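Visitor: Make a model of this:
(one chain, ligands or ions: 1)
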Amino acid sequence: MHAATPLLSATWFDGRSPQAQDVELQWTGSELLLHHRASGATRRYVGREVQWPERTRHGQRQVLLPDGSVLSLPDAAAWDEWSTQLGLSPSLAVRWALSWRASLAALGLLLVVMTSAWTWGIPWGAQRVADWMPASWEARLGESVMTEMRDQGWLKDSQVPEAQRQRIDAAVHRLLASVPADWNLPPVRVQVLRAPDWLGPNAFALPGGQIVVTDALVALLDSGQGPVDEALLGVIAHEIGHVRGRHGLRMLTESAAAGALMAWWIGDYSTLLAGAPTALMHAQYSRDHEREADALGLELMHAAGLDPRAMVRFFAALKKAAPKRDGDDPWFGLSTHPADSERVRFFEEGARQRAP
Ligand SMILES: [Zn+2]
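Guide: Sure, this is the predicted structure:
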C-alpha cells in the first residue's frame, strides 16, 4: 500500500443527492481512494476510468468518477500541486494529446469531404445551373454586368477610329457566319472598348454572348490597313468558345456558390481562409475553361479558314508587349490560364492538322 502518499481534502457528491460530503483523496499509483470522513468508509476507483479535470487557469477543478459521482476541489492550486506531485499530470497530458490527435484526424476527414464537395460539387452544380437557366436570363445577367462595368468606369468608349472598328466588325461578321450550327450560340456581339491600363491587350466574354475587345489588343494586333489580322480573329474565336461553353455564367455561379459556402462555413472568422480556397478554385476551374475555349476557338478557326499559327504569333507579340503579364483573360482570372508555352504548342499542333 502506498501509505506515504499525501491526502487531499475534497468535496464529494454521490450523484443522487445534492448533499456535499467531505472526503480525503489518496492516490495509489493506479487507483484513486476516497476516504469518507463521516463514515470512515473507503471507495476505490481505477485511475484510467477517472475523468481528470483539465488544467485551466481559473476556477475550481472537478473530477468525474466512473460511477457518476463527482469530486469538487475548491482549492485548485492545492489540487494542481497534489496531482503534479503524484505524477497525475503526465497522464493528463497524454489524455490531452490523444484527444488532440483524434481532433486532428476528424478535422482531416472533414477537410477531405469539404475539398471534394468544393472540387467536384461546385462545378457540377454550376453546370446544372447553366443547363437549367434560360438563355434570356443569362443575357440579362450579362447586360447588368456590362452596365456595372460601364457605370464603374472600368469600360469606356473606344478610341479606335470608327472606320477601323467597322472593318473589324465586318471580319467578325464573317467569322460568326462560320460557326457550326450545332453550337447553338446566343446572339454574339463583339465590342471594342477602352479598358484600364492594367488590363492591357485583352479580351473577355460576358454571360449571354457579349464579347469585349480592348483598345490595347486592337493596337497590338491590327494595323488598321488591309485584312484584319488573323490573330485578332483567333482571340475572338477563343472568346466565342467561352460563349459556347457558357463559361461566364458557370464562373459567376461557381463564385456565388463558393462565396455562400465560405460564409456558411467560416462566417466572418477569417478573411484569410476565405480568400485561399477561392483562389484555388479559380486556378483549377478556369484552366479547364481556357483549354475548352482554345479547343473551340481552334475548331472555329479551321471552319473559317484562318491559320492557327496566327495564335502563335499572338502569344509572341503579347510576351513582347508585356513580359510580366500573367494572364490573358481577366474574366476568368488573371493568373489562371494554362501556361503560354502549352497554348503555343496547342496551336502549333492545330496548324499541322489543318486541311491543306
Ligand atoms: Zn479565355
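Visitor: Could I have the CA atoms of stretch 185-205 written out in CSV?
Guide: Output of stretch 185-205 as CSV, limited to C-alpha atoms (Å, rounded to 0.1, in the frame of the first residue of the first chain):
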residue,chain,number,x,y,z
LEU,A,185,-24.9,30.2,-79.8
PRO,A,186,-26.9,33.1,-78.4
PRO,A,187,-26.6,36.3,-80.4
VAL,A,188,-22.9,37.2,-80.2
ARG,A,189,-21.9,40.9,-80.0
VAL,A,190,-18.3,41.9,-80.2
GLN,A,191,-17.5,45.4,-78.9
VAL,A,192,-14.1,47.2,-78.9
LEU,A,193,-13.9,49.3,-75.7
ARG,A,194,-11.3,51.2,-73.7
ALA,A,195,-10.2,49.4,-70.5
PRO,A,196,-7.9,50.4,-67.7
ASP,A,197,-4.2,50.2,-68.5
TRP,A,198,-3.6,47.2,-66.1
LEU,A,199,-5.9,45.1,-68.3
GLY,A,200,-3.6,45.6,-71.3
PRO,A,201,-4.2,43.8,-74.6
ASN,A,202,-7.1,41.7,-73.6
ALA,A,203,-10.5,40.2,-74.5
PHE,A,204,-13.2,38.6,-72.4
ALA,A,205,-16.7,37.2,-72.7
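Visitor: can you pull the buried residues of that stretch?
Guide: By 16 or more other Cβ atoms under 10 Å, the buried positions in stretch 185-205 come out as 186, 188-190, 192-195, 199-205. Glycine gets a C-beta too; all of them are placed from N, C-alpha and C.
Visitor: what kind of secondary structure is the nearest residue to residue 139 once chain neighbours are set aside in?
Guide: Closest residue to residue 139 apart from its sequence neighbours, by Cβ to Cβ, 6 or more residues apart in numbering: residue 208 at 3.6 Å. Under DSSP: H, G, I helix; E, B strand; the rest coil, the three-state class of residue 208 is coil.
Visitor: What is the burial count for residue 208?
Guide: 25 (other Cβ atoms under 10 Å).
Visitor: list the contacts for it?
Guide: 135, 138-143, 186, 248-249 (Cβ atoms under 8 Å, 6 or more residues apart in numbering).
Visitor: By mean pLDDT, point me to the weakest helix or strand of the chain.
Guide: The helix or strand of the chain with the poorest confidence is helix 88-116; it has a mean of 64 (mean pLDDT, DSSP states H and E).
Visitor: Show me what the closest residue to residue 13 other than its chain neighbours is bridged to.
Guide: In space, and not counting its chain neighbours, residue 13 is closest to residue 70: 4.8 Å by Cβ to Cβ, 6+ apart. For residue 70, the beta-bridge partners are residue 13, residue 64 (DSSP bridges).
Visitor: is it true that residue 70 touches residue 18?
Guide: No: counting by Cβ atoms under 8 Å, residue 70 sits too far from residue 18 to count as a contact (11.0 Å).
Visitor: Give me the below-cutoff pLDDT ranges for the stretch 1-150 of the chain.
Guide: Flagging of the stretch 1-150 of the chain using pLDDT under 70 yields the residue ranges 1-5, 54-59, 88-103, 105-106.
Visitor: And the strands in it?
Guide: Using DSSP state E, counting those that start in this stretch, the strands of the stretch 1-150 of the chain run over 8-13, 21-27, 31-36, 42-46, 61-64, 70-73.
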